[in-house]
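> structure for this input, please:
(chains A and B)
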Amino acid sequence: MSEELLRGKAWLFGDDISTDHIAPGRLFHLRTDLPELAKHVLEDARPEFAASLAPGDFVVGRRNFGLGSSREHAPRIIKLAGAGAVIAQSFARIFFRNAINVGLPVLQCDTSGIGEQDDLEVVLIAGEVRDLTSGAVIPFVPLPPVMVTILNDGGLVAHVKKHGGFALPQG
Amino acid sequence: MTALTLAEKILAARAGLGTVVPGQIVVAAVDVAIAQDGTGPLAIEQLEALGAATVKAPTCVFFIDHAAPAPRSELANAQKTIRAFCASSGATLSDVEMGVCHQRVAESYARPGDLVIGADSHTCMAGALGAFATGMGSTDVAVGMASGQTWLRVPETFRIEVAGVLRDGVEAKDLMLTLIGAIGADGATYKALEFGGTGIDVLPMPGRFTLSNMAVEAGAKAGLMPSDDTTREFLIGQGREEVWRPLAADPGAAYESVVESDARAIVPMVARPHTVDNTAPVAELKGTRVDQVLIGTCTNGRLADLRSAARLLRGRRRASHTRLIVTPASQAVARAAAAEGLFDVFWDAGAVVTNPGCGACVGIHEGILADGEVCLSTANRNFHGRMGNPEASIYLASPATAAATAVAGEITDPRELL
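Predicted coordinates for the structure are as follows:
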């Protein structure tokens, strides 16, 4: 796992943020123009978010973040918009897998104590989210080894190219 | 030999292992890999990044169904990319006239025992044929197409044990909405749903497809059915009898949990805005005014669904304030429906019958809602903004409930019109 330290402010979102909130169907025609689509990221949940977040800020969700469609454009535009990570109590399966494949850190932990615009620090190697505003230290669920391997190789395509196929810890 | 669930049995076979256990990471051979016009261009970009000029998985298909035919130049260009890639790579193209990917996969591609991956979350629908079918992103599907393999965590299985026969006017959609309401939209995250029991034994294929289609709406990775004589009859109807083989879970397989349902006790249900697990009996929503009804989609756009709707619409007309849109799931469905005279029934009832495809369900075209409007749809998702307008609301229900609602102009129990 990367030793990188991530810092930014928390942008709070509720339960069940769907891929339609993140990358709505009405903007389907922008899927081949991701920088443009990223200007609308999460628009239907918080219209001010895309224009206001600073590079490195965090998307902080509650339950079942990213449910719905398999559109990989969703984690891609969260990353493109500049977010450092998505932190949520739980994630929908396809979104979680897509995020790892495209190199967007997704951290599962108890987000209930994090306040809007709290200053957060994420220490990936320590497995901790530190809420500098409240002083809380929140452990996150470690990523499974298979996903750590993919992330460390720089995403799934880089992993497959590097090893000439899958070279994942099995068992 | 360890007793295996259906999911475990298929994944073990496709990974070349004697047995697998939940939680195990396997690399498995992919039989069918698909993408559509929303996810396909990104998959092609990733195939190019992989240096894959040709595809390796035995069946690779790109479907142009979400925005078919293209309503904008950006989408026409994306579709042009897909056609060019199919022409050069060996992947199959299912072009704008053919219909929704999941229906087409069921009709023409998936086989019992297959591992099917698709860059569309409702790929799980093919599980109704006794396949392990799951939705993934464009990158995973690109790697699957290029290498013929994918990695999977073997899921724990929830057994959905259904007894009895649905009553008249009550459909598989009502059963699935009831189940999702009980399990929750994230209650089965990472799990496989395995449907079985006397209620599934007697359930025809269209209903089985509806159940498997919506497995992902409970968070599940796959929704599997045994492959039995009903499966065989369906495949014979598609001219694919030779791909049939019987497949069932082993007696004594280990399930993480068992959800029991009595089909006889199911009543017409709706999912209220804006989550699929926000369910209630139709009776509780009676009187809710509806501006548009959509009958179709991969969830409920099959011939049996159109027949069910036509049964209630025959000789009746939609309420004057309620638009009615009918979108068959595939060209084969549309052809059969037209031959039976169902389109005449819909036209006489005041419906728009659109070309086969995803239609209004994904909010791109063919029925976008206005601010403040309410739609009742036979689709699988009612998320905020789903049908192209975040200021609109969507209820989900069966084709019978949709037809009754179009006639009354408000949410209506179809049994009142039988």
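> mind listing the strands for chain A?
For chain A, applying DSSP state E gives strands covering A:5-12, A:58-60, A:85-88, A:106-108, A:119-123, A:128-131, A:137-139.
> tabulate these (a markdown table), appending distance to residue B:304 and mean pLDDT.
Any C-beta I mention is one placed from the backbone N, CA and C, and that applies to glycine too. Converted to a markdown table, the strands of chain A look like this (distance: least, C-beta to C-beta, whole Å; pLDDT from 0 to 100):
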| stretch | distance to residue B:304 | mean pLDDT |
| --- | --- | --- |
| strand A:5-12 | 45 | 96 |
| strand A:58-60 | 42 | 98 |
| strand A:85-88 | 39 | 98 |
| strand A:106-108 | 40 | 96 |
| strand A:119-123 | 51 | 96 |
| strand A:128-131 | 50 | 97 |
| strand A:137-139 | 50 | 97 |
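> by mean pLDDT, which helix or strand of chain A comes out lowest?
The weakest-scoring helix or strand in chain A, judged by mean pLDDT, DSSP states H and E, is helix A:145-152 (a mean of 91).
> OK, contacts around the residue of the stretch 1-150 of chain B at minimum distance from chain A?
Minimum separation of the stretch 1-150 of chain B from chain A (C-beta to the nearest C-beta) falls at residue B:137, amounting to 3.4 Å. Neighbouring residues of residue B:137 by C-beta atoms under 8 Å, 6 or more residues apart in numbering or on different chains: A:70-72, A:94, A:97-98, A:101-102, B:39, B:119.
> between these, which sits nearest residue A:147?
residue A:97 (8.1 Å; C-beta to C-beta).
> the closest one and residue B:138 touch, don't they?
No - Residue A:97 lies out of contact with residue B:138 (C-beta atoms under 8 Å); the separation is 11.6 Å.
> for the residue in the stretch 301-418 of chain B positioned nearest to chain A, give me phi and psi.
Of all residues in the stretch 301-418 of chain B, residue B:363 sits closest to chain A, at 3.3 Å by C-beta to the nearest C-beta. The phi/psi pair for residue B:363 (degrees, to the nearest 10) reads phi 80, psi 20.
> quick check: it touching residue B:384?
No - using C-beta under 8 Å, residue B:363 makes no contact with residue B:384, being 10.9 Å away.
> need the overlap of contacts for these two.
Counting by C-beta under 8 Å, 6+ apart, the residues touching both residue B:363 and residue B:384 are residue A:20.
> those two: which has the busier surroundings?
residue B:363 (27 against 21; other C-beta atoms under 10 Å in any protein chain shown).
> ok, now which ones touch residue 7?
With no chain named, the answer covers chain A. Contacts for residue A:7 (C-beta under 8 Å, 6+ apart) come out as A:56, A:84, A:119-122.
> my question was about chain B
Applying C-beta under 8 Å, 6+ apart, the residues near residue B:7 are B:132, B:154-155, B:157, B:192, B:194, B:222, B:224.
> cool, and residue B:103?
B:298, B:301-302, B:329-330, B:333.
> where does it land on pLDDT?
With respect to pLDDT, residue B:103 scores 98.
> just confirm residue B:220 contacts residue B:194, I think it does.
No - judged on C-beta under 8 Å, residue B:220 makes no contact with residue B:194 at a distance of 9.9 Å.
> sorry, back to before: can I get the strands of chain A in TSV with distance to residue A:34?
Formatted as TSV, the strands of chain A follow (distance: least, C-beta to C-beta, whole Å):
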stretch	distance to residue A:34
strand A:5-12	20
strand A:58-60	17
strand A:85-88	17
strand A:106-108	18
strand A:119-123	24
strand A:128-131	27
strand A:137-139	31
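> nearest to residue B:268, of the ones you listed?
strand A:85-88 (34.5 Å).
> who does the closest one touch, helix- and strand-wise?
strand A:58-60, strand A:106-108, strand A:119-123 (3 or more C-beta pairs under 8 Å, 6 or more residues apart in numbering or on different chains; DSSP states H and E).
> helix, strand, or coil at residue B:33?
Recorded secondary structure, residue B:33: strand (DSSP: H, G, I helix; E, B strand; the rest coil).
> so it sits right up against residue B:118, yeah?
Yes - counting by C-beta under 8 Å, residue B:33 does reach residue B:118; the two are 7.1 Å apart.
> quick check: neighbours shared by the two?
Taking C-beta under 8 Å, 6+ apart as the contact rule, residue B:33 and residue B:118 both touch residue B:141.
> so who does residue B:356 touch?
Counting by C-beta under 8 Å, 6+ apart, residue B:356 has contacts B:97-100, B:301, B:327-331, B:333-334.
> where does the closest residue in space to residue A:51 that isn't next to it in sequence fall, phi/psi-wise?
In space, residue A:51 comes closest to residue A:39 once its chain neighbours are excluded; the distance is 7.6 Å by C-beta to C-beta, 6 or more residues apart in numbering or on different chains. Phi and psi for residue A:39, reported as degrees, to the nearest 10, are phi -70, psi -20.
> and residue A:39, what pLDDT?
pLDDT recorded at residue A:39 is 97.
> before we move on, back to that, kindly state the pLDDT recorded for the residue of the stretch 1-150 of chain B closest to chain A?
If you check residue B:137, the pLDDT there is 98.
> can you check residue A:1 too?
Note on residue A:1: pLDDT of 48.
> ok, now residue A:124?
85.
> from residue B:154, how far out is it?
27 Å (C-beta to C-beta, to the nearest Å).
> same question for residue B:190.
Counting by C-beta to C-beta - residue B:190 and residue B:154 are separated by 10 Å.
> now the residue nearest the centre of chain B: closest residue in space, sequence neighbours ignored.
Among the residues of chain B, the one closest to the centroid is residue B:213, at 3.3 Å (C-alpha atoms, centre = their mean). Spatial nearest neighbour of residue B:213, excluding adjacent residues (C-beta to C-beta, 6+ apart): residue B:125 at 4.0 Å.
> quick one: end-to-end distance for stretch A:58-70.
Taking C-alpha to C-alpha, to the nearest Å as the measure, stretch A:58-70 stretches 22 Å from start to finish.
> what is the burial count for residue 116?
If you meant another chain, say so; for now it's chain A. Per other C-beta under 10 Å, the neighbour tally for residue A:116 reads 10.
> wrong chain, I was asking about chain B
Residue B:116 has 29 neighbours, counted by other C-beta under 10 Å.
> on the three-state scheme, it is what?
What three-state DSSP gives for residue B:116 is strand.
> now the closest residue to it other than its chain neighbours: how far from residue B:276?
Spatially, and ignoring its direct neighbours in sequence, residue B:116 is nearest to residue B:133 (3.7 Å; C-beta to C-beta, 6+ apart). Using C-beta to C-beta, residue B:133 is found at 19 Å from residue B:276.
> comparing those two, which residue is more hemmed in?
residue B:133 (32 against 26).
> can I assume the more buried one sits in a helix?
No - counting by three-state DSSP, residue B:133 is not part of a helix but strand.
> just the buried residues of stretch B:246-253, please?
By neighbour count with 16 or more other C-beta atoms under 10 Å in any protein chain shown, stretch B:246-253 contains the buried residues B:247, B:249, B:253.
> now stretch A:50-66
For stretch A:50-66, a neighbour-count test (16+ other C-beta under 10 Å) marks A:50, A:53, A:57-66 as buried.
> farthest pair within these?
Longest distance between any two of these is 22.9 Å, between A:50 and A:63; criterion C-beta to C-beta.
> can you map out the strands along the stretch 51-200 of chain B?
Per DSSP state E, counting those that start in this stretch, the stretch 51-200 of chain B carries strands over the ranges B:59-63, B:92-94, B:115-119, B:132-135, B:149-153, B:157-163, B:192-196.
> low-confidence ranges in the stretch 1-150 of chain B?
Nowhere does the stretch 1-150 of chain B drop to pLDDT under 70.
> the helices in it, which residues?
Assigned by DSSP state H, counting those that start in this stretch, the helices in the stretch 1-150 of chain B fall at B:6-15, B:40-49, B:73-89, B:101-108, B:138-147.
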